[in-house]
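# Build the 3D model from these lines:
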Amino acid sequence: MSNTRENLQKIYGQLPPHVRLIAVSKFKPDAAVLEAYCCGQKIFGENRVQELVGKYQRLPKDIEWHFIGHLQTNKVGLIVPFVSLIHSIDSLRLLTAVDREARKVGRQVPCLLQFHIAKEATKFGFTFAEAVEMLQSPEYKELAAVKIVGVMGMATFSDDKALVRGEFKELKRIFEALKARFFADDSAFSELSMGMSDDYPEALAEGSTMIRVGSLIFGARN
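Take a look at the predicted model:
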């Protein structure tokens, strides 16, 4: 018997009003997504392009799909027509590809800049200096079909809660610095996407506006 409704209610009960829950449905069947959807969950996150496209085609059209994984430039065009938010922009090259594909379909696609805040080399993302360099570049200023609405990061996978919370604190500092320097007059730049099943309480304590939770909703991956 699935505990999806109970799991969702438990998480909802911990969220401040301004925080949104992205249900991470990667590797989960359509039936599991539909069950969560019928419990009122309308935002889902996927990290593989082909799986996201298939679920978008098959599942209810009022679902808000977020892409949360590492995105290859040659697959951008498959998700740009419908994706609600891309969490994982980690280069000017990728952002330019999103802009190019968005122009083709007449959309402006909301995006988050991903930052490397963890102590793990396997994570992707900008450094603060790299992001500043990009945002100051003439190439970035030419992009009209993408909209930077905030930042995203993943903490080190660790039981050391002080370490994890410090990394989230650093992402909040990055968000505030970019807001002050580049987006002070832009109310859309408001999202701080951080926190997953293992560490979302620490992320909430540091000001997250979006948490990305999978296993605590759907159960452990098979």
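# what helix or strand does the residue nearest the centre of the chain sit in?
Per Cα atoms, centre = their mean, the C-alpha nearest to the average position across the chain is that of residue 87, at 3.3 Å. Per DSSP states H and E, residue 87 falls inside strand 85-89.
# what about the protein, any weak spots by pLDDT?
1, 122-123, 221-222 (pLDDT under 70).
# counting contacts, what elements does the helix or strand hosting residue 178 pack onto?
Residue 178 is part of helix 161-182, with elements assigned from DSSP H and E. With contacts taken as 3 or more Cβ pairs under 8 Å, 6 or more residues apart in numbering; DSSP states H and E, helix 161-182 sits against strand 109-115, helix 128-136, strand 146-153, strand 191-193, helix 200-205. From N, CA and C alone the C-beta is placed, and that goes for glycine too.
# ok, residues contacting it?
113, 115, 117-119, 128, 131-132, 135, 150-151, 153, 155-156, 158, 189, 192, 194-195, 199, 202-203, 205-208 (Cβ atoms under 8 Å, 6 or more residues apart in numbering).
# Give me the buried entries from these.
Buried residues within the contacts of helix 161-182, counting neighbours by 16 or more other Cβ atoms under 10 Å: 113, 115, 117-118, 131-132, 135, 150-151, 153, 155, 189, 192, 194-195, 199, 202-203, 206-208.
# how much space between residue 23 and residue 219?
12 Å (Cβ to Cβ, to the nearest Å).
# Apologies, that question was intended for residue 175.
Per Cβ to Cβ, residue 175 is found 32 Å from residue 219.
# Which one's more surrounded, the two?
Higher neighbour count among residue 175 and residue 219: residue 175, with 25 against 14, using other Cβ atoms under 10 Å.
# List the beta-bridge partners for residue 64.
Beta-bridge pairing of residue 64 under DSSP bridges involves residue 43.
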